[in-house]
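J.: one predicted model, sequence on top.
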Amino acid sequence: MSLVGDHESPEDEIIHRIDCQRVDQYGFEQPDDLNHESYEEMMSEYLTLLSRRSVKWSRLLKENTKVEKNLKVKRYVRKGVPNEYRALIWMAASGAQQHLQMNHGYYHSLLRGRHDHHLEQTIRTDLHRTFPDNIHFRDSSQLCLQTALFNVLLAYGHHNKDIGYCQGMNFIAGYLLIITKDEEKSFWLMDALLGRILPDYYTPAMLGLKTDQDVLGELVKVKVPAVWQAMTRHNVMWTLVVSRWFLCLYIDILPMETVLRIWDCLFYEGSKILFRVALTLIRHHQKLIQQAQNLPDICERFKQITRGEFVEDCHAFIQNIFTEPGSLSMATITKLRETCRDRIQAQESGCEQG
């Protein structure tokens with residue numbers, strides 16, 4: 001781990017003070033065009049709400065030594081998990097805590113074992129590309145997370161050889177480290193996400209990702225037909241506009257506070273949350289998307305709909321994802337997945353034979 005020396009030069013002290021003024025609580029630099037007055041007003045209201053939620057979570061966790069899945073906890077999760085309880089709830093809800101306890105010492109044994117040189121090099125190539133706007137991922141940081149990030153990705157690559165390492169995983173592991181501040185917990189949360197919640201998203205064929213993009217298309221066809229018609233008219237494939245949404249789990253797409261609220265629900269309720277978020281963004285902005293004149297125009301509008309007050313107010317946005325898309329059962333998604341997966345495999349098989 002790279003640590004800064006005990007004595008800083010006057011220039012370093014000035015830079016450190018400026019950095020502290022410009023970064024959020026997670027270490028991300030605030031953009032130059034940020035409306036500080038509006039942002040601080042919104043965060044003030046949100047932090048007041050979180051402090052009330054924190055009291056309720058504290059009572060709940062004192063009354064229950066084990067976090068169980070029930071309607072009360074589900075309601076609490078949807079209303080927001082305070083940061084101090086986030087790692088605990090994510091670990092319990094996803095099954096990661098159980099896997100950690102059943103495999104004591106496994107993570108460290110992976111790091112001690114023989115390493116694949118190609119895997120190491122591929123991961124190292126992406127380390128410096130991971131959150132360059134976050135002070136905790138810089139060599140100059142006193143608590144640089146790059147070593148921890150490398151360890152988690154390397155261990156996971158050896159743990160799940162079908163995946164190894166795929167671009168996008170570095171951002172997911174980075175977010176997990178920011179929240180848990182613990183390599184082993186981050187590793188087991190990665191295992192929950194990539195192995196159980198989102199299987200086949202990051203394998204070489206990316207069949208799970210391709211399938212879910214098509215599933216979203218089928219859902220839009222039913223729930224927002226005007227947008228589906230616009231996409232068809234301009235011959236836009238869903239992968240062009242939503243692949244990063246699903247692959248990065250909305251990291252660098254939506255504001256961090258909003259992403260964390262999405263992840264609260266993702267770890268608790270599973271992958272259908274990704275569809276609820278996508279459908280909410282598309283349905284809420286359907287008029288804007290319909291006005292697009294061509295393919296590049298549609299792609300630009302899909303970028304526009306992930307910015308602005310609608311997504312910045314994370315509490316209101318999360319409430320919207322459970323109302324705007326209407327009913328969306330896991331049974332419906334499972335059925336659509338089977339249909340779309342069979343269609344994709346048939347198409348790919350046909351291409352290979354051709």
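T.: Received it, and whenever you're ready, just let me know what you need.

J.: which SS state does the residue nearest the centre of the chain fall under?
T.: Residue closest to the average C-alpha location in the chain (Cα atoms, centre = their mean): residue 249, at 3.3 Å. Recorded secondary structure, residue 249: coil (DSSP: H, G, I helix; E, B strand; the rest coil).

J.: quick one: pLDDT of it?
T.: Looking at residue 249, its pLDDT is 97.

J.: residue contacts, it?
T.: By Cβ atoms under 8 Å, 6 or more residues apart in numbering, the contact set of residue 249 is 172, 193, 259, 262, 263, 266, 274. C-beta: built from backbone N, CA, C; applies to glycine.

J.: skipping its backbone neighbours, what lies nearest residue 72 in space?
T.: residue 60 (7.6 Å; Cβ to Cβ, 6 or more residues apart in numbering).

J.: helices or strands up against the helix or strand in which residue 51 is found?
T.: Assigned by DSSP states H and E, residue 51 belongs to helix 36-63. Judged by 3 or more Cβ pairs under 8 Å, 6 or more residues apart in numbering; DSSP states H and E, the packing partners of helix 36-63 are helix 71-78, helix 83-94, helix 314-321.

J.: now do the same contact list for residue 179.
T.: Residue 179 sits next to 83, 86, 87, 90, 260 when contact means Cβ under 8 Å, 6+ apart.

J.: whichever of those residues end up buried, select them in ChimeraX.
T.: Applied in ChimeraX, the following selects the buried portion of the contacts of residue 179 according to 16 or more other Cβ atoms under 10 Å:
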select :86,87,90,260
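
J.: out of the contacts of residue 179, who's nearest residue 288?
T.: Residue 288 has its nearest neighbour among these in residue 260, at 26.1 Å by Cβ to Cβ.

J.: what residues are up against that closest one?
T.: Per Cβ under 8 Å, 6+ apart, neighbours of residue 260: 86, 175, 179, 314.

J.: so it is in which element?
T.: Applying DSSP H and E as the criterion places residue 260 in helix 256-269.

J.: quick one: stretch 25-38 to chain centroid distance?
T.: Here stretch 25-38 is found 20 Å from its chain centre; the criterion is Cα atoms, centre = their mean, to the nearest Å.

J.: now the terminal residues of it, how far apart.
T.: End-to-end distance of stretch 25-38 (Cα to Cα, to the nearest Å): 17 Å.
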